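Q: kindly return the folded structure for what I paste below:
(4 chains)
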Number of protein chains: 2
Amino acid sequence: MRTPTIRDVAARAGVSKSLVSLVLRGAEGVRPEKRAAVMTAIEELGYRPNAAARSLSERRTRTVGVLLNDLRNPWFVELLDGLNSRLYDSGLHTLLADGHLNRRLGEDLTRTFTELRVDGLVAVGTLQDPQALRTAAGRIPTVVVGTREPELPGVDIVANDDEHGARLATEHLIGLGHRHIAHIAGHGAVGELRRRSFEATMREHGLEGTAVVEQGDLTEEGGYRATVRLLSRPERPTAVFAVNDMSCVGALSAAEESGLQVPRDLSLVGYDNTYLSRLRHLWLTTVDHAGHDVGRRAAQRLLDRIENPGRPGEVELAAPFLEVRGSTGVVGEG
Amino acid sequence: MRTPTIRDVAARAGVSKSLVSLVLRGAEGVRPEKRAAVMTAIEELGYRPNAAARSLSERRTRTVGVLLNDLRNPWFVELLDGLNSRLYDSGLHTLLADGHLNRRLGEDLTRTFTELRVDGLVAVGTLQDPQALRTAAGRIPTVVVGTREPELPGVDIVANDDEHGARLATEHLIGLGHRHIAHIAGHGAVGELRRRSFEATMREHGLEGTAVVEQGDLTEEGGYRATVRLLSRPERPTAVFAVNDMSCVGALSAAEESGLQVPRDLSLVGYDNTYLSRLRHLWLTTVDHAGHDVGRRAAQRLLDRIENPGRPGEVELAAPFLEVRGSTGVVGEG
DNA sequence: CTCATGGGTTGGACCGTTCCATAAGCCGCC
DNA sequence: GGCGGCTTATGGAACGGTCCAACCCATGAG
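A: Residues are numbered from 1 along each chain as shown, chains lettered A, B, ... in the order given. Just a heads-up that it's a prediction; the model follows:
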């Protein structure tokens, strides 16, 4: 028994395949009894439309490909949620693929999605291969989300406002009376923006003399090492603003190891408001990167771009906000 | 300019579309100069095969759909890695979809994958809708991975041996001299297996009198609450084996809150060896669920089932192992 | 010289839909 | 009775590949 096609349904319902097609797409002007006959035939045969045949004929897939940079670090879940729901409202499905997993295999996911003829492409986070994304973006409406790079022609970027977020974190610490504040930096455009904004904010408050930056790498290990270096300085900082939650957890470990209590002896602020920071045991003050909002806006951008592919690429920023938890406190109080 | 098709390539290379097709599929017996002509035409036109057309004609997609239960809890990353690499070796791509995200939208992903005519289906973790999976499994070779339910006709299950894992954890604690050991249980088949094995192991060591079970729910919050209850008992346990790492982190918080030091006053063992347990700040002793191995075996099962769809469903278990870190210690020592 | 052999290539049917132009049927009106 | 107009249904041509039987053309054997 082959899987049934639209013709099998038609034969069983005693109508033409065209009418079945009309019913499937919910067309007006089909006589109710015929519609019912078709529906029962579909039911009885367990018919399911063939997406390949449909998209071949329709010349679109109603599907959006989402490229994730690394499943291991699920900062993007809220973002996906926003993206997904907005796209779904417009009748688009999303398919995910993880770049990290597939890169080791030498598989180029932009190519896979290109061959699938997805209607749009969303790159979540910084991808390994900007060149592949560039060529894909030449064919498929593309939006980059949750990062600030790469900037490509005809590609929109939607992210949170890192400068604003870093300012929020830094001013929060300054407001608590901290003067010796350190920043654990990360690489890439996002790391750059956050660091610069940290430095600018410190300068605005006349604290450029006591601002310190240590380089991290967005991992726990990097955050740990950077903090160990920070704490061995003659003028030990009383607060650390880490480029992301992961680094912040590393900072937390380093602090405890050297006998410092958080937040009594050292205040910590992370970035991303991942579920890590929400763990009762960590309970980090952090900057929420407005993932849901970013995702929704990205979806809207993509829909616009599918409508009107020619438009030049733009950058759209959502406003992050501070989530104050237990890792920050007034300086010198305990 | 339409996107080029195989016929455009053929015209440009001065050959028939059939020959282009042969070249694309790397067929033998094509004259080298013709092959070269086709390749340059492909290059010049930027031709990309159309997956829909190909799969319509070939009547298969070379694609496997992977259903994830919840991206927020990324215990399955290693597993995906194993799965992916094995499938890729056999020329199959994987597409991911997250059930949690899409369920809210009322989208049935098994249906989406059925319409896509994926060659196989992998359900990672317990899904919300076993009924949908059952009907999908009736059409598409299906394997359930990393969980023990649902058991469906013609569906293989590949997971780690929870009974063995729970035994490892429990005997580790007993070996450290613990007698009053508690278990934070989880729901579902997996929770049941781990709890039963905990109880059996305790019984074998004559410790059924001091074994305690509190119900959790696999979340941090649940682990926290269960531990608070445990610690308020007259006979406080000296060790806790939690059903998963997430619960274990909750237990850790509860312990610290009531002034107990881990592992001096309370030993803790988790399950899954997620990156959470590897965080220096938590550094949990945990049972590794052999994700990579499970993933590879699942891929093999799926490939077998694609070859031979009729076979009845079987359960295959991989051996978990203990990962001793900092959250367990000899009883009474500090 | 004829004919079988076989490597290399090709046209056309087919996969399962959508879409469009056209047909069928019915009604009312002149 | 013929005809225009309207609603509803239909056949056939795409869509872009794969696959297969048939074809072409050297080559070598008989």
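Q: show me what counts as buried in stretch A:226-234.
A: The neighbour-count check on stretch A:226-234 (16 or more other C-beta atoms under 10 Å in any protein chain shown) flags A:226-228, A:230-231 as buried. Glycine gets a C-beta too; all of them are placed from N, C-alpha and C.
Q: what do you get for stretch A:149-157?
A: Across stretch A:149-157, burial judged by 16+ other C-beta under 10 Å covers A:150, A:152, A:155-157.
Q: what two of the residues you listed have the greatest distance between them?
A: Maximum pairwise distance in the buried residues of stretch A:149-157, criterion C-beta to C-beta, is 12.4 Å, between A:150 and A:156.
Q: mutual contacts of these two, please.
A: With contacts taken as C-beta atoms under 8 Å, 6 or more residues apart in numbering or on different chains, the residues that reach both residue A:150 and residue A:156 are residue A:144.
Q: what about residue A:61, distance to chain B?
A: Applying C-beta to the nearest C-beta, to the nearest Å, the value for residue A:61 to chain B is 7 Å.
Q: near chain B, which residues of the stretch 201-334 of chain A are found?
A: Neighbours of chain B within the stretch 201-334 of chain A, by C-beta under 8 Å from any C-beta of the partner chain: A:220-221, A:224, A:249-250, A:252-253, A:256, A:275-276, A:279-282.
Q: closest to DNA strand C among the residues you listed?
A: residue A:275 (40.8 Å; C-beta to the nearest atom of the strand).
Q: need the contact list for the residue lying closest to the closest one once chain neighbours are set aside.
A: Of all residues not flanking residue A:275 in the chain, residue B:72 sits nearest, at 6.4 Å (C-beta to C-beta, 6 or more residues apart in numbering or on different chains). Applying C-beta under 8 Å, 6+ apart to residue B:72 gives the contacts A:74, A:77, A:275, B:100.
Q: torsion angles phi and psi at residue A:242?
A: Note on residue A:242: backbone dihedrals following degrees, to the nearest 10 are phi -100, psi 150.
Q: the closest residue to it other than its chain neighbours: what secondary structure?
A: In space, and not counting its chain neighbours, residue A:242 is closest to residue A:248: 3.8 Å by C-beta to C-beta, 6+ apart. Of the three states, residue A:248 takes helix under DSSP: H, G, I helix; E, B strand; the rest coil.
Q: rewinding a little: so which of the buried residues of stretch A:149-157 are also by DNA strand C?
A: For DNA strand C, no contacts are drawn from the buried residues of stretch A:149-157 by C-beta under 7 Å from any atom of the strand.
Q: just those residues now: which is nearest residue B:86?
A: Nearest to residue B:86 among the buried residues of stretch A:149-157 is residue A:150, at 32.0 Å by C-beta to C-beta.
Q: what does the pLDDT read for that closest one?
A: pLDDT for residue A:150: 92.
Q: show me what contacts it?
A: Applying C-beta under 8 Å, 6+ apart, the residues near residue A:150 are A:126, A:130, A:133-134, A:144.
Q: what subset of those residues is buried?
A: In the contacts of residue A:150, the ones that pass as buried (16+ other C-beta under 10 Å) are A:126, A:133-134, A:144.
Q: rebuild the residues you listed as CSV, extending it with pLDDT.
A: Listed next are those as CSV, based on pLDDT from 0 to 100:
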residue, pLDDT
A:126, 91
A:133, 96
A:134, 96
A:144, 98
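Q: before we move on, what SS does the residue nearest to residue A:275 have?
A: Following three-state DSSP, residue B:72 is assigned to coil.
Q: quick one: name the residues of the stretch 1-150 of chain A near DNA strand C.
A: With C-beta under 7 Å from any atom of the strand as the criterion, the stretch 1-150 of chain A meets DNA strand C at residues A:2-3, A:5-7, A:17-18, A:21, A:24-25, A:47-50, A:53-54, A:56-58.
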